[in-house]
Each structure stands twice: as C-alpha cells, then as structure tokens.
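Novice: got a predicted model here, sequence first, then my questions.
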Amino acid sequence: MDMLDILGNKSSEILELFYNIEKIDANINEYINTHKSPFSDDPFLDNREVCKLLKVSPRTLQYYRDKRLIAFYKLEGKILYKMSDIHKMLENNYYDDAWKQKR
C-alpha cells in the first residue's frame, strides 16, 4: 500500500481514524456535561484578586464588606467573592451621564 493511499481521505484507515476521533470527542463532551462543577461558570476570587480587579486597596475592600456593598463568603478566616457578585455590585452602583444631568 502506497503512502498516498493511506493518507487519502477515502482510505478505510483514514475513515476509521476520523470515526474514532468523533467517538472520543463525543465521549469527552458527554463526560464534561455530566461532571460539570456547579461553580465552574462563576469563579471565586480572593481578596488580592478582587483588589487588583477593582483597583482598590485591601482597606477599601474591607470598607465595602463592612457597609455590605459587596457579597462575600467567609470560611475559616478566608474571604471569597463570586465574580457574579462583583458584577452585581458594579451594576448596582452604576451612574451614567443622564443621571448626572438630572441633578
């Protein structure tokens, strides 16, 4: 058998290879869909990451927590924030130019 016959897209070896790749892809996708973590779409961030993201100091972030401006989890002294809660806080405190003009 010549190399061009094996590499041709109509050869039985290539068709079998493509079939096996499609089966593997389907198995991987099924595994991902059935074993998805409930937190995979909403990552948790620690204090350092949130300070960097919001460009605020740790003390300012503490102020946001004290004033209940931002939701957080506290587990054994470790504070975590969901990315969706950070987005929600920013949306709740958004003021556009139209708001400024009304005052």
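Specialist: Perfect, thanks for sending it.

Novice: only C-alpha atoms from now on, for both contacts and neighbour counts.
Specialist: Will do.

Novice: compute the number of surrounding residues for Y81.
Specialist: 20 (other Cα atoms under 10 Å).

Novice: the lengthiest strand in the chain packs against which elements?
Specialist: Criterion DSSP state E: the longest strand present in the chain is strand 78-82. When contacts are defined as 3 or more Cα pairs under 8 Å, 6 or more residues apart in numbering; DSSP states H and E, strand 78-82 sits against strand 44-46, helix 47-54, strand 73-75.

Novice: mind exporting the longest one as CSV, just the C-alpha atoms?
Specialist: The reference is to helix 47-54. Coordinates of each C-alpha in helix 47-54 appear next as CSV, following Å, rounded to 0.1, in the frame of the first residue of the first chain:
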residue,chain,number,x,y,z
ASN,A,47,-9.1,39.5,48.5
ARG,A,48,-5.9,40.1,46.5
GLU,A,49,-7.6,39.2,43.2
VAL,A,50,-10.6,41.5,43.9
CYS,A,51,-8.4,44.4,45.0
LYS,A,52,-6.5,44.0,41.7
LEU,A,53,-9.6,43.7,39.6
LEU,A,54,-11.3,46.7,41.2
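
Novice: what's the distance between it and the middle of its chain?
Specialist: For helix 47-54, the separation from the chain centroid amounts to 16 Å (computed by Cα atoms, centre = their mean, to the nearest Å).

Novice: quick check: next helix or strand after it?
Specialist: Next helix or strand after helix 47-54 toward the C-terminus (DSSP states H and E): helix 58-66.

Novice: so which elements touch that next one?
Specialist: Secondary-structure packing of helix 58-66 (3+ Cα pairs under 8 Å, 6+ apart): helix 47-54.

Novice: next, format the helices and strands packed on strand 78-82 as TSV and append mean pLDDT.
Specialist: As requested, those are exported to TSV (pLDDT from 0 to 100):
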stretch	mean pLDDT
strand 44-46	93
helix 47-54	95
strand 73-75	93
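
Novice: ok, which of these comes nearest Y31?
Specialist: Shortest distance between Y31 and the helices and strands packed on strand 78-82, using Cα to Cα, is found for strand 44-46: 23.3 Å.
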